[in-house]
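A.B. asks: Could you look at this predicted model? Sequence included:
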Amino acid sequence: MGGQDTVSASNSSATEWLRVSPLSKLATHSRFFLTLRSQEGEYHSLILFRLTPGQLPESGIDATTTTQDATTMTQSLRDQIYVMEANCPHLGADMSHAEIEECDTGVVAVCPWHRYDFDLKTGHSETGLRACTYTTEVREDDSGVEHICVETPEGGRNWRLVEFRPVSEEFADPPPPPPDLSHLSLSSPEPKEPEPLVPPDNPPKTLIEWAVLILNTADPMLKVQRTRHAVHLFRTGQLKSIGHRSAKAPRPPDVPPREETYARNTVDPGKMARRKNRVVMLHALANIEQWAIDLAWDIIARYGPSHPDLPPAFFADFTKMALDESKHFSLLTARLAALSPATPYGSLPVHAGLWESARVTFPSLRARLAIIHLVHEARGLDVNPGTIEKFRRAGDAESVRVLETIHHDEVTHVTTGHRWFTWVCARQGVDPVRTFREEVRRGWRGDVKGPFNAEDREKAGLTPDFYENLKGEMDSAWETGKDPQATVAVGYEGAAGK
């Protein structure tokens, strides 16, 4: 996850330290997500801020200077790093987009929702609230490489790092150019007027309203753009509310619409070709990612109103997932356009098997988390390395880079599924492993087969007792007469070819 495959902890007095990253890797971005999990299964989400020299009080460093020696640069990085909890202690706002301001006592992070400010060193706020902050240290490993280490939360044992990655390219240093999405436009027999990013009539004011609008957006380019816009509004406190406690919250569609060209090429999963070249595989993977964008928004829109106790962190996690899936879709379609300009996205046969599988879970958030995130996405962790190897053998280094980025992100998505599945189980007073196996028995057909990527599954929280000897007993066809888990896998296996 974010390139962090191993962590180490050591004890200094009463403080336990967790290794996060080589210090040099923090120079690429100014903000990073950190997710920690204890041996007992407790999760803590943190934000690491790397301030610019000009943001530091009395730093004495000219922010415009670019000719610092290596020692000065290293010391500067050390002085710039702060870590605090990812959600505001007031009402749970995502702090990843907090404004950083200097005050008389130091540097504060200002919550984007209600402007509560928190000292980055002490966590204290003038409002009387206090955010959890975590001391950091720089330590050398045995080979002399400097690593940033962070103190672990109180309570819990054997904390480990399960996610470390930049918040977004918005905080890249230097910022990248705007992405080119022109390759996402599908040719249509009858050109039509493009829809605006924000509807002029009755524009969405809540996160739920944006989720439903995006689900009803057929144009994939507009779906990606609206996803980025909605997540930015949510993270920067520009929405009226999440909206899941409103009696007037809109309902999501039973099936998200698709562009005419795409819809025309939608076939039954069983009719998909088994042997696939690189272009067909990229097209199939892009199809999965477009449905994954919808599934991230659907879990927000479908289950938020029926679960008013869901905390803001749930919505922060799944908006982050929606943003990831839109990034993956854009990366894959860009590679498709580069490899075969005559084969635009939507021009090859596709299927909606992943959504059909999700429809089985409509009545239950717990079932959705189990079937989509802990079966389908976990199966992606199993087959992705083989897919990457096929592209590597073909000498396609750029596609390998894209697929490795996607795989690292997908480990965090399974982690998110595990986090909220265990949260639901704790609220309901049931055992997560036994409950997961029961959900699979009711909502899946046939064996969940290996070989399993045990290492990445374990990183995501799935120990072997979750998935070994796991079998679903759902009828081979459900009420619509469709088989959501056909012989041809509806998810990543079906895209990987043979």
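C.D. replies: The structure has been received and is ready for your questions.
A.B. asks: C-alpha from now on. contacts and neighbour counts both.
C.D. replies: Will do.
A.B. asks: Longest helix in the protein, by number of residues?
C.D. replies: helix 397-428 (DSSP state H).
A.B. asks: how about the following helix or strand past it: buried residues?
C.D. replies: Next in sequence after helix 397-428, counting helices and strands by DSSP states H and E, comes helix 432-443. For helix 432-443, the neighbour count (16 or more other Cα atoms under 10 Å) marks 432, 433, 435, 436, 437, 438, 439, 440, 441, 442, 443 as buried.
A.B. asks: With stretch 412-427 instead?
C.D. replies: Buried-residue list, stretch 412-427, by 16+ other Cα under 10 Å: 412-425.
A.B. asks: What of stretch 382-399?
C.D. replies: The neighbour-count check on stretch 382-399 (16+ other Cα under 10 Å) flags 382, 383, 384, 387, 388, 390, 391, 399 as buried.
A.B. asks: Against residue 284, how distant is residue 264?
C.D. replies: Distance of residue 264 to residue 284, computed by Cα to Cα, to the nearest Å: 15 Å.
A.B. asks: likewise residue 157?
C.D. replies: 42 Å.
A.B. asks: Between those two, point out the one with more neighbours.
C.D. replies: Of the pair residue 157 and residue 284, residue 284 is the one with more neighbours under other Cα atoms under 10 Å, namely 26 against 15.
A.B. asks: my guess is the more buried one meets residue 353, correct?
C.D. replies: No: using Cα atoms under 8 Å as the test, residue 284 is too far from residue 353 to be in contact (11.7 Å).
A.B. asks: What pLDDT is listed against the spatially most central residue of the chain?
C.D. replies: Central residue of the chain (Cα atoms, centre = their mean): residue 321, 3.0 Å from the mean position. Residue 321 is assigned 98 on the pLDDT scale.
A.B. asks: Pretty sure it sits in a helix.
C.D. replies: Yes: assessed with DSSP: H, G, I helix; E, B strand; the rest coil, residue 321 lies in a helix.
A.B. asks: which non-adjacent residue is nearest it?
C.D. replies: residue 296 (6.3 Å; Cα to Cα, 6 or more residues apart in numbering).
A.B. asks: In terms of helix, strand or coil, where does that neighbour fall?
C.D. replies: Residue 296 ends up helix, using three-state DSSP.
A.B. asks: show me the residues around it that make contact.
C.D. replies: Shown in contact with residue 296 (Cα atoms under 8 Å, 6 or more residues apart in numbering): 318, 319, 321, 322.
A.B. asks: out of the residues you listed, which are buried?
C.D. replies: 318, 319, 321, 322.
A.B. asks: thinking the first one is in contact with residue 297, fair?
C.D. replies: The reference is to residue 318. Yes: between residue 318 and residue 297 there is a contact under Cα under 8 Å: 7.3 Å.
A.B. asks: what's near enough to touch residue 156?
C.D. replies: Contacts for residue 156 (Cα under 8 Å, 6+ apart) come out as 38, 39, 40, 42.
A.B. asks: ok, and the closest non-adjacent residue to residue 140?
C.D. replies: residue 146 is the one closest to residue 140 (Cα to Cα, 6+ apart), at 4.3 Å.
A.B. asks: And that neighbour, how far from residue 319?
C.D. replies: Look at residue 146 and residue 319: by Cα to Cα, they are 33 Å apart.
A.B. asks: show me the contacts for the nearest residue to residue 133 once chain neighbours are set aside.
C.D. replies: The shortest distance from residue 133 to any non-neighbouring residue, by Cα to Cα, 6+ apart, is to residue 84 (4.1 Å). By Cα under 8 Å, 6+ apart, residue 84 lies in contact with 46, 47, 48, 120, 123, 131, 132, 133, 134.
A.B. asks: do the same with residue 374
C.D. replies: Per Cα under 8 Å, 6+ apart, neighbours of residue 374: 414, 417, 418.
A.B. asks: I figured the second one was touching residue 368, is that so?
C.D. replies: Spelled out, it's residue 417. No: under the criterion of Cα under 8 Å, residue 417 makes no contact with residue 368, lying 9.2 Å away.
A.B. asks: hmm, back to that, can I get the contacts of residue 296 in JSON lines with distance to residue 254?
C.D. replies: Listed next are the contacts of residue 296 as JSON lines, based on distance: Cα to Cα, whole Å:
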{"residue": "318", "distance to residue 254": "19"}
{"residue": "319", "distance to residue 254": "20"}
{"residue": "321", "distance to residue 254": "21"}
{"residue": "322", "distance to residue 254": "18"}
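A.B. asks: These: which two are farthest apart?
C.D. replies: Maximum pairwise distance in the contacts of residue 296, criterion Cα to Cα, is 6.1 Å, between 318 and 322.
A.B. asks: Quick check: neighbours shared by those two?
C.D. replies: Overlap of the contact sets of residue 318 and residue 322 (by Cα under 8 Å, 6+ apart) consists of 296, 297.
A.B. asks: To which secondary structure element type does residue 47 belong?
C.D. replies: strand.
A.B. asks: Which strand residues bridge it?
C.D. replies: Under DSSP bridges, the beta-bridge partners of residue 47 are residue 33, residue 84.
A.B. asks: burial count for it?
C.D. replies: Neighbour count for residue 47, taken as other Cα under 10 Å: 24.
A.B. asks: cool, the one 5 residues further on as well?
C.D. replies: For residue 52, the count of nearby residues is 17 (other Cα under 10 Å).
A.B. asks: Show me where the stretch 151-300 of the chain has its helices.
C.D. replies: 207-215, 220-235, 260-264, 278-303 (DSSP state H, counting those that start in this stretch).
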